[in-house]
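Visitor: pasted the sequence and its predicted model underneath.
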Amino acid sequence: MPSFRSVLLALGGATLLLASGLAAAAANRATFPKDFKQMVMYGDYRRGSGGELAYALKETIDIAKAGQPLPPGTRLVLEIYDDGALTGYFVMEKGVDWGLEVEEEKRTGDWHFQQFDTNGQVNRTSIAERCEACHQGQESNDFMFTRDRMEAYLP
């Protein structure tokens, strides 16, 4: 029969594992938008045989064009291409106080990032941390590289 101490240690370890799993799960809340088909392309970034196409809802673009901050609930999507073929998506999503879930030195406002496969399923090999690191330098643009393209968008 296990000792009281070993049971407590096991429970403590399980609690730590569970808590760390919850923290890891909460560390990236970006989801693939159900309304992706309603989004419009506002940016085309070609690089050799690859590149990205940037998408947002028309309402999001209108908010950016009006010079307003993008609200929580905003999702931006990049379609990723390599050799002319769609290889996946990156989603940047803004939530209420989501930045508080990220270490201060890694925060990108309240934005979270996630990579998805071509079926819109989470790609667990995401490079979301690289996205965060790069976007940190865009604080003056609400951590976005494409805001200027949204503001200049013409249907």
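Guide: Now that the structure is in, tell me what you want to look at.

Visitor: part of a helix, is Y45?
Guide: No: read with DSSP: H, G, I helix; E, B strand; the rest coil, Y45 is strand and lies in no helix.

Visitor: now name the helix or strand holding the residue nearest the centre of the chain.
Guide: A centroid search over the chain (C-alpha atoms, centre = their mean) returns F113, at 1.7 Å, as the residue closest to the centre. Assigned by DSSP states H and E, F113 belongs to strand 111-116.

Visitor: helices of this structure, start to end?
Guide: Per DSSP state H, the chain carries helices over the ranges 4-26, 58-65, 128-135, 147-152.

Visitor: hey, least reliable of those helices by pLDDT?
Guide: Note on the helices of the chain: helix 4-26 shows the lowest mean pLDDT, a mean of 37.

Visitor: residues contacting the residue nearest to the centre of the chain?
Guide: Contacts for F113 were tallied using C-beta atoms under 8 Å, 6 or more residues apart in numbering; they are N28, A30, F90, V91, M92, E93, S126, A128, C131, E132, H135. Yep, even glycine has a C-beta here, placed from its N, CA and C like the rest.

Visitor: show the contacting residues for the first one.
Guide: Contact analysis of N28 by C-beta under 8 Å, 6+ apart lists H112, F113, Q114, S126, A128.

Visitor: just to revisit the earlier point, which of the contacts of F113 count as buried?
Guide: Neighbour-count burial (16 or more other C-beta atoms under 10 Å) applied to these gives N28, A30, F90, V91, M92, E93, S126, A128, C131, E132, H135.

Visitor: for those residues, which one is nearest F36?
Guide: Distance to F36 across these (C-beta to C-beta) is lowest for V91, with 9.1 Å.

Visitor: quick one: pLDDT of the closest residue to that closest one other than its chain neighbours?
Guide: Nearest non-adjacent residue to V91, counting by C-beta to C-beta, 6 or more residues apart in numbering: A30, 4.8 Å away. Listed pLDDT for A30 reads 92.

Visitor: over to G99?
Guide: As predicted, G99 sits at a pLDDT of 85.

Visitor: could you do the one 3 residues further on as well?
Guide: At V102 the predicted local distance difference test score is 81.

Visitor: returning to what we had before: looking at the buried ones among the contacts of F113, which one is closest to E103?
Guide: Nearest to E103 among the buried ones among the contacts of F113, with distances taken as C-beta to C-beta, is E132, at 9.8 Å.
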